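**Q** from the sequence below, what's the structure:
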Amino acid sequence: MEDKAKRLYETAIQKLKEANEELCRPAEDVVSFMVCQNSHIAIENYLRGFLAENGVEPGNGVPVDDLYEKCKTLNQDFEKVNLSGFECEAHQLDSRFCNGVSNVSRCFDIADSLDTFLREQKIII
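**A** Model (predicted):
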């Protein structure tokens, strides 16, 4: 499971980096769907990585909220990560939530806070 967790964390870190690079562009050039999609992938992979590291395999199609709840049962400190405002459905190409920099910034902020939390906990380096 350790290798799987490492791969999930690496993917999450890469997707967070890609989302950040997109957000650093001038507002009129930002492709908000790319920020949303990359942030969503990062969030899901951070949570799945933590679960894999702890021997939990939730399977495909499990919502982010359920992954997060399972993480909290394994480590109560996950309560420090605020997932409120995460309404993105990255798999829906027509999602209106992915329109506009202010909306996707919340998805990015959640992914970034998960990254920060996992680093503070020394789960990822």
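**Q** in three-state terms, label residue 123 for me.
**A** coil (DSSP: H, G, I helix; E, B strand; the rest coil).
**Q** thinking it is in contact with residue 50, fair?
**A** Yes - between residue 123 and residue 50 there is a contact under Cβ atoms under 8 Å: 6.6 Å. C-beta: built from backbone N, CA, C; applies to glycine.
**Q** these two: who's more crowded?
**A** Ranked by neighbour count (other Cβ atoms under 10 Å), residue 123 and residue 50 place residue 50 first, with 27 against 16.
**Q** check the offset of the host helix or strand of the more buried one from the chain's centre.
**A** Using DSSP states H and E, residue 50 falls within helix 32-53. Taking Cα atoms, centre = their mean, to the nearest Å, one finds helix 32-53 lying 3 Å from the centre of the chain it belongs to.
**Q** give the buried residues for it.
**A** The neighbour-count check on helix 32-53 (16 or more other Cβ atoms under 10 Å) flags 32, 34-53 as buried.
**Q** so for the closest residue to residue 48 other than its chain neighbours, what's the pLDDT?
**A** Nearest residue to residue 48, sequence neighbours excluded (Cβ to Cβ, 6 or more residues apart in numbering): residue 8, at 5.1 Å. We have a pLDDT of 97 for residue 8.
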